[in-house]
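Peer 1: Make a model of this:
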Amino acid sequence: MSVALQGLPPPFALNINKLVSKKGYGAAEQQRRHFETSFTSAIRMYPTALTQLARANPFSAPLFTLQKVEEPSHTAGAQGHRRRLAAASVAEGDSCEFGSQKYFILCGFGGILSCDSGDSCEFGSGKYYALCGFGGILSCGITHTAVVPLDLVKCRLQVDPAKYKSIITGFSVTIREDGVRGLAKGWAPTFIGYSMQGLCKFGFYEVFKILYSDLLGEENTYLWRTSLYLAASASAEFFADIALAPMEACKVRIQTQPGYANTLRECAPKMYAEEGLWAFYKGVVPLWMRQIPYTMMKFACFERTVEMLYKFVVPKPRSECSKPEQLLVTFVAGYIAGVFCAIVSHPADSVVSVLNKEKGSTAAQVLKRLGPMGVWKGLLARIIMIGTLTALQWFIYDSVKVYFRLPRPPPPEMPESLKKKLGLTE
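Peer 2: Numbers count the residues shown, from 1 in each chain. Next comes the predicted model:
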């Protein structure tokens, strides 16, 4: 609210308006009346001189009045002004509004693709291992949780093939019995367990790869690089499965025994009360049988596939490729590795699923009962799940390395000393 002052010069009008803004319209009206009374008394006291002055003077009280004028709120105006500024870019053809959720997401992704070329830490340092472990948490925890519905159907195909005859049948039966929410059973132990597994798997892989490489030396590291990848990944997965085993046991029990428990908080205490601590680790040996071959194939196949893609498919060296091009190669190599991983590890995966469902069984008993054909039930679902999952894991893991500017050595090349020994250089 402001005051319209007729006949007053700017200084007096400004003072009245300040008074209105501080004390309100009533106080301003009282001030006007006081001024008018004083001015009239002065005219009566000095009629001759002041009367003529008042007629010619715009300060004369009868020539001005106070009027209430409604103005838009300053807050609304400020918000509208900011809104116009924020929307200005949209009007000019941008894909989203400045400050929107999409804006922040794309800015973060842009940060991944346009990081400075300088490394943030030394290769093999404590910070390097910690951030690699963090990348493993994100890559494994997020991806495994995202495919929980497919994993649930795969597990039920393995433990009850008579009821769940195929992937489509498995989904339809599950939705009919438990509803759509039933497809998410076991998401909590999946997220926790595979996050811990990812931390150990990727973190320890980097540790063991550098450790074994230092033991072999530069030339032998190149000549035996595939064996190096296999040994480092197997060593890392040994510890990763110990971290995964308790949550994997809870996940399988929730997913394959309807009515046993619906949440991790119900399942874990119940399993401990029935079978003790052994309930969470009785599947660790079959888990090693499943996960160690899987991880060895995952890392060795990925490393060699990346090497071959840059050598035979990508028309330029990795150093000349942009960040998006490098991440695309990572995704493709990850998917190829995932297909082989699923095939190699599926028989042991079938044994683990049945073993965690049944009480008192051993891996040998389950394997004998399933037979040569039974261990391959659900292979197609596992190929789809593991192929996509492995590709996304490598993509996320490599993106974390790019975002935090971690050292990313190029594909291995033959050392100059070895080239001289083999007579490849003069």
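
Peer 1: going forward, measure contacts and count neighbours with C-alpha atoms only.
Peer 2: Fine.

Peer 1: Going along the chain, name the helices of the stretch 301-426 of the chain.
Peer 2: 323-357, 363-374, 379-403, 416-421 (DSSP state H, counting those that start in this stretch).

Peer 1: Show me the one of those helices that comes nearest Leu223.
Peer 2: Distance to Leu223, taken as Cα to Cα, is lowest for helix 416-421 among the helices of the stretch 301-426 of the chain, at 9.4 Å.

Peer 1: In that closest one, which residues are buried?
Peer 2: Buried residues in helix 416-421, counted by 16 or more other Cα atoms under 10 Å: Leu418.

Peer 1: about what we covered before: which one of the helices of the stretch 301-426 of the chain lies nearest to Ile105?
Peer 2: Per Cα to Cα, nearest to Ile105 of the helices of the stretch 301-426 of the chain: helix 379-403, 13.7 Å.

Peer 1: pLDDT of that closest one, averaged?
Peer 2: In this model, helix 379-403 has a mean pLDDT of 90.

Peer 1: picking that back up, tell me which of the helices of the stretch 301-426 of the chain lies nearest to Asp151.
Peer 2: For the helices of the stretch 301-426 of the chain, proximity to Asp151 was assessed by Cα to Cα; helix 379-403 is nearest, at 7.5 Å.

Peer 1: just the angle between the closest one and helix 323-357, please?
Peer 2: Calculated by axes from the mean of the first three to the mean of the last three Cα atoms, to 10 degrees, helix 379-403 forms an angle of 130 degrees with helix 323-357.

Peer 1: Pull the residues that contact the strand or helix carrying Gln158.
Peer 2: Using DSSP states H and E, Gln158 maps to helix 148-159. Residues outside helix 148-159 that contact it (Cα atoms under 8 Å, 6 or more residues apart in numbering) are 163-167, 170-171, 174, 183-187, 190, 252, 255-256, 350, 353-354, 357, 375, 377-378, 381-382, 385.

Peer 1: quick revisit: tabulate the helices of the stretch 301-426 of the chain (TSV), appending distance to Ala268.
Peer 2: Putting the helices of the stretch 301-426 of the chain into TSV (distance: least, Cα to Cα, whole Å) gives the following:
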stretch	distance to Ala268
helix 323-357	13
helix 363-374	22
helix 379-403	26
helix 416-421	55
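
Peer 1: so how far is stretch 218-235 from its chain's centroid?
Peer 2: What separates the centre of stretch 218-235 from the centre of its chain is 31 Å, taken as Cα atoms, centre = their mean, to the nearest Å.

Peer 1: how about that stretch: buried residues?
Peer 2: 219, 221-222, 225-226, 228-235.

Peer 1: model confidence over stretch 311-318, on average?
Peer 2: Here stretch 311-318 scores 90 as its mean pLDDT.

Peer 1: CA-only coordinates of that stretch in PDB, if you can.
Peer 2: Coordinates of each C-alpha in stretch 311-318 appear next as PDB, following Å, rounded to 0.1, in the frame of the first residue of the first chain:
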ATOM      1  CA  LYS A 311      42.300 -52.800 -30.900                       C
ATOM      2  CA  PHE A 312      40.000 -54.100 -33.600                       C
ATOM      3  CA  VAL A 313      36.600 -52.200 -33.400                       C
ATOM      4  CA  VAL A 314      37.200 -48.600 -32.200                       C
ATOM      5  CA  PRO A 315      38.900 -46.700 -35.000                       C
ATOM      6  CA  LYS A 316      41.100 -44.600 -32.700                       C
ATOM      7  CA  PRO A 317      43.100 -45.000 -29.500                       C
ATOM      8  CA  ARG A 318      41.400 -44.600 -26.200                       C
END
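
Peer 1: That one: which residues count as buried?
Peer 2: The neighbour-count criterion (16+ other Cα under 10 Å) identifies Arg318 as the buried residues of stretch 311-318.

Peer 1: Please give the element, helix or strand, for the residue nearest the centre of the chain.
Peer 2: Among the residues of the chain, the one closest to the centroid is Leu138, at 6.6 Å (Cα atoms, centre = their mean). Here Leu138, judged by DSSP H and E, is contained in helix 126-146.

Peer 1: That helix packs against which elements?
Peer 2: Contact here means 3 or more Cα pairs under 8 Å, 6 or more residues apart in numbering; DSSP states H and E; on that basis helix 126-146 packs against helix 187-216, helix 379-403.
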